Structures are given as structure tokens and as C-alpha cells.
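Novice: I would like to see how this sequence folds:
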Amino acid sequence: MAVAMTASDEKGINKDMVQDFKVSKENELRFEVEAKERVKLELMDGIAEIFGTELVRTRSYIFESSSKIAVFTWFGCSIRLTGKLEAAYVSKETPMTIYLNTHAAVELMRRKSQAEELRGPRVLVVGPQDVGKSTFCKLLLNYATRMGRKPTLIDLDVGQGGISIPGTIAALTVERPSDPVDGFDTKVPLVYHFGHTSPNGNLKLYEVLISRIADVFNAKSECNLNVRASGCVINSCGWIKGQGYNCILHAAQSFEADVVLVLDNERLHNDLKRDLPEFVNIVLLPKSPGVVERSRELRRDHREERIKEYFYGPNKIYFPHAFDVKFSEISIFKIGAPALPDSCLPLGMEEDDTQTKLVPVRPQRDLVHHILSLSMAESLEENLVETNVAGFVVVTGVDPETETLSVLAPAPYPLPRRHFLIMDIRFIDINK
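Specialist: Residues are numbered from 1 along each chain as shown. This is a model prediction of the structure:
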């Protein structure tokens, strides 16, 4: 769908810096937007796509600060970039043909599943950090939706948050290709609270949530034939050694993965071939040469941007609500009690049980800037740990004397539920 551009949309773009690129067939234009700059992309001629989504010739695409974009063409195209770039070049070294063949093989599995009324392929994408797992998942999903499928994205990467904010595990049924700028439509995701930016923040809870979201996906697959035949694409974390490897095995077993795609790690590929059943197709794929390694600071900045976008929307188009809540109106819990030695544990209880225990939290001033997940549970009789969340708030102030909590929320008062789960993740609202 074409979108009309306004003067405000192009604010911050240096219109004196214009570059035209002629991209030959099966080549890729890669560019990086300079920090604190914006760049406009226009398809002047030909056919091109960004991560599996076709570009519209009558639309301009605005990319924000530090964006890293790859425009691929199967038949050749002309691209115009307006704005300040950190780098821009055309490359013929791209694994897109391999990726397209991978999609074609998965699509054949979907067709067979649909014909025989069986469940579709469940594809687990694994690999170390910064090999392009999230981008590759997006490409597979975009190609699938262009074939009329409704695949489900399962996001297990709690560090970055591809569907919701960081610190969550989420699922999203994808019905149309992602927008090259704004990504997938995430209005109705299924989100579970984890509360940490790495699985080792609470390994037991991480595995419990993987099993839970797998059960929910199985139930939905039974009710929707298109969703069942379309299968799912599972994006994993970049932790692939030790306990991280065990998490990969747990994800493969929980979802009963048919296909495991390993990006750029031969050792992981061989370990999975040894430890997973023979019927699982385990394929080693190359990463794109255009993938850029991110520093710890850049990862932190990306997390903050994801949280800011949740409250303020892309380009700050939303206005979140600030209001006060009485302590008596809500209850706050932390998942996971302090570890105890075996000799101090009650008879029959294991240490792992403490990792999924709910611990009540009395609001204090140190709660300021913490993100709270609002559970969909209506009462404490429900399992808060395995109940999905309705949304998130940020604590902006705590007044113990008046027993009042000040929060920033995407929706106005009153709150639809009363039970909150506290995250280790903080967000300082500089827009306040």
C-alpha cells in the first residue's frame, strides 16, 4: 500500500546528499544510516525487496538513526537514497539464493501437510549472536505470507524483543508481509513475562515458558487449519554453549521441531545432529556477509528503543498516560526466590522450584524506573507465572507515606487487572 509523504515525515533528512545506485540482478545494496540521522529510500525502477518484503515504487521509506538495511533484487533495479549515510555499497556476495531454496523446501512441507491435513513444519533458527537470525526469520515469514500462508513467529530471544519488549517470550500469527520500516503488525501478540535480558537470569522459568507457549501454539493449531498447515518459525537466543545449548534442545523438543536451521556455526550443527532425533532436518546455512556485529552498548540502546517505541510508538506518534495507583489497588510479585542450600529446603522440594515461586513485593523507592508486566490473571488462584500479560507500565515514582505508585502506561486509568510481575529491566523516561 502506498503511503503519502508529508513535510514532517522528511524532517531531519539532509536533502543535499542524494545518491543513486544501479543494482544488477541477484545483487544487494547495503547501507547504514549514520547516528542521529534519517535516510529516505525510493525505488526508482525495477523490482526489489527488503528482507522478503517487496518495495512499492510509489512509496518513500524513511529509515532512522543507525538502521542497517539490505535491498535485494532478483531482476535488477535503481535505488535513490537521500540523507547522510555511514556506508553504502552494492555487493554480489549474498546467500539469498540459498535462503530462497530453504523457503521453497519448507513450502513443499507445508503443501504436503495441507494435503494430508497434518501439522505444518516447525522451523527452529539457531546460531550465535549477530549472525542474522532475526532477519532470516523475518525473510522466511515474509516469503510464506506472500504464498498465502499464516505462519506463527515464536520469539524466544528475550534480549532484544522482536515481537514485544525485551524480557518477554512471545508468539505472533503473521498474516501479511512486514513493513520494511515498521516491521510486523504486532497488535495482537501473545506475550509472557520473563523479566530478564538473558535466559540465565532464570533458566527454570525460561524453560517453563517455552513449554507453555508451545502448548498454546499446539492448541491454536488444532483450532485453525491454515495456522496448523503453515507451521511456525522459532527465533532463538544467541547463547549456544553450556546451559544455552540445553535451552536450544528444550525448545526443539517442546515444539517438536521438524527443521533446525543453523546459521554460521559448524560445531553447533554437528552437536545438534548428535543430540536430536534422526527425523529432524538439521541444515547448516551461511550468514550474510552484510551482517554487522553489535557492541554491548548498541544492544542496550536497541533495548531502550524497543521499550520507548512500546510507550510512544514509532517516531513518538503516541502519548502515554501518567497516573497514580494506590498500593491497595494492585499486587506486585517477583518470580524466583533466593536460592537455599539443600539442607534448608522443605522435604520433597528441589532448588529449581524456588526459581518459579512468586514472591510478594512491597513497593519501595527502589522500584522507580522498573518495568512491571500486567498479568491477565484475574485472581491469585490462576498460575501467574504461566499466564500471558496484557501490557506493561513503568514506575515513575513511589510515595510510601501516601501509599501511592506513579506509573506511565499506554492506556488510561483504570487498570484492567491488578496483578503485576516485576522485571529486572529498567527504563528511564527522558520524555517525561
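
Novice: Which parts of the stretch 51-200 of the chain are helices?
Specialist: 96-115, 133-146 (DSSP state H, counting those that start in this stretch).

Novice: How about residues contacting the shortest one?
Specialist: Put plainly, it is helix 133-146. 51-54, 99-100, 102-103, 106-107, 110, 123, 125-127, 151, 153, 157, 160, 162, 174-178, 183-184, 230, 233-236, 238, 261, 263, 285, 288, 291 (CB atoms under 8 Å, 6 or more residues apart in numbering). Just so you know, the C-beta spots here come from the backbone N, C-alpha and C atoms, and that holds for glycine as well.

Novice: try the longest one
Specialist: With contact meaning CB under 8 Å, 6+ apart, helix 96-115 is reached by 26, 28, 72, 118-121, 123, 136, 139-140, 143-144, 147, 149, 228-231, 258-259, 261, 283, 285-286.

Novice: ok, of those residues, which come out buried?
Specialist: 28, 72, 119-121, 123, 136, 139-140, 143-144, 149, 228-231, 258-259, 261, 285 (16 or more other CB atoms under 10 Å).

Novice: what's the neighbour count on the closest residue to Asp130 other than its chain neighbours?
Specialist: Spatially, and ignoring its direct neighbours in sequence, Asp130 is nearest to Glu293 (4.5 Å; CB to CB, 6 or more residues apart in numbering). With neighbours defined by other CB atoms under 10 Å, the count for Glu293 comes to 8.

Novice: what helix or strand does Glu293 sit in?
Specialist: For Glu293, there is no host helix or strand (DSSP states H and E).

Novice: That one contacts Pro128, correct?
Specialist: No: using CB atoms under 8 Å, Glu293 is not in contact with Pro128; the gap is 10.2 Å.

Novice: how close does the spatially closest residue to Val283 that is not a sequence neighbour sit to Ile234?
Specialist: Excluding the flanking residues, the one nearest Val283 by CB to CB, 6+ apart is Leu261, at 5.4 Å. Going from Leu261 to Ile234 by CB to CB, to the nearest Å gives 10 Å.

Novice: intersection of neighbour lists for the two?
Specialist: Shared contacts of Leu261 and Ile234, counting by CB under 8 Å, 6+ apart, come down to 123-125.

Novice: Format those residues as JSON lines; extra columns: distance to Leu367 and pLDDT.
Specialist: Below are these laid out as JSON lines (distance: CB to CB, whole Å; pLDDT from 0 to 100):
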{"residue": "Val123", "distance to Leu367": "40", "pLDDT": "98"}
{"residue": "Leu124", "distance to Leu367": "37", "pLDDT": "98"}
{"residue": "Val125", "distance to Leu367": "36", "pLDDT": "98"}
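
Novice: Now intersect those residues with the strands, please.
Specialist: Counting by DSSP state E, the shared contacts of Leu261 and Ile234 place 123-125 in strands.

Novice: of all those, which comes closest to Thr387?
Specialist: Closest approach between those and Thr387, by CB to CB: Leu124, at 25.0 Å.

Novice: Show me which residues of the longest strand belonging to the chain are buried.
Specialist: Of all the segments of type strand in the chain, defined by DSSP E, the longest one is strand 389-399. For strand 389-399, burial by neighbour count (16+ other CB under 10 Å) applies to 389, 391-398.

Novice: what does the average pLDDT come to for that strand?
Specialist: Taken as a whole, strand 389-399 has a mean pLDDT of 97.

Novice: and what of stretch 321-341?
Specialist: Mean predicted lDDT for stretch 321-341 stands at 89.

Novice: got a list of contacts for it?
Specialist: Counting by CB under 8 Å, 6+ apart, residues outside stretch 321-341 touching it are 193, 195, 202, 205, 351, 354-363, 367, 372, 380, 384-385, 396, 403-413, 415, 418-422, 432.

Novice: do that again at 7 Å, thanks
Specialist: 195, 202, 205, 351, 354-361, 363, 372, 384-385, 396, 403-409, 411-413, 415, 418-422 (CB atoms under 7 Å, 6 or more residues apart in numbering).

Novice: Just the buried residues of the contacts of helix 133-146.
Specialist: So, by 16+ other CB under 10 Å, the buried ones in the contacts of helix 133-146 are 51-53, 99, 102-103, 106-107, 110, 123, 125-127, 151, 153, 157, 160, 162, 174, 177-178, 184, 230, 233-236, 238, 261, 263, 285, 288, 291.

Novice: and the gap between Gly120 and Ser198?
Specialist: 31 Å.

Novice: just Gly76 next, same as before
Specialist: 43 Å.

Novice: likewise Lys316?
Specialist: Where Ser198 is concerned, Lys316 sits at a distance of 29 Å (CB to CB).

Novice: more neighbours, these two?
Specialist: Taking neighbours as other CB under 10 Å, Lys316 and Ser198 compare with Ser198 leading, 17 against 11.

Novice: so what's that one closest to, chain neighbours aside?
Specialist: Gly159 (6.0 Å).

Novice: List the residues that contact that neighbour.
Specialist: 166, 197-198, 237, 299 are the contacts of Gly159 under CB under 7 Å, 6+ apart.

Novice: Tell me the most packed of those residues, by neighbour count.
Specialist: Busiest of the contacts of Gly159 [other CB under 10 Å] is Pro166, holding 26 neighbours.

Novice: Leaving out chain neighbours, which residue sits closest to the residue nearest in space to the middle of the chain?
Specialist: Nearest to the mean C-alpha position of the chain, counting by CA atoms, centre = their mean, stands Gly162 at 1.4 Å. Spatial nearest neighbour of Gly162, excluding adjacent residues (CB to CB, 6+ apart): Asp155 at 4.5 Å.
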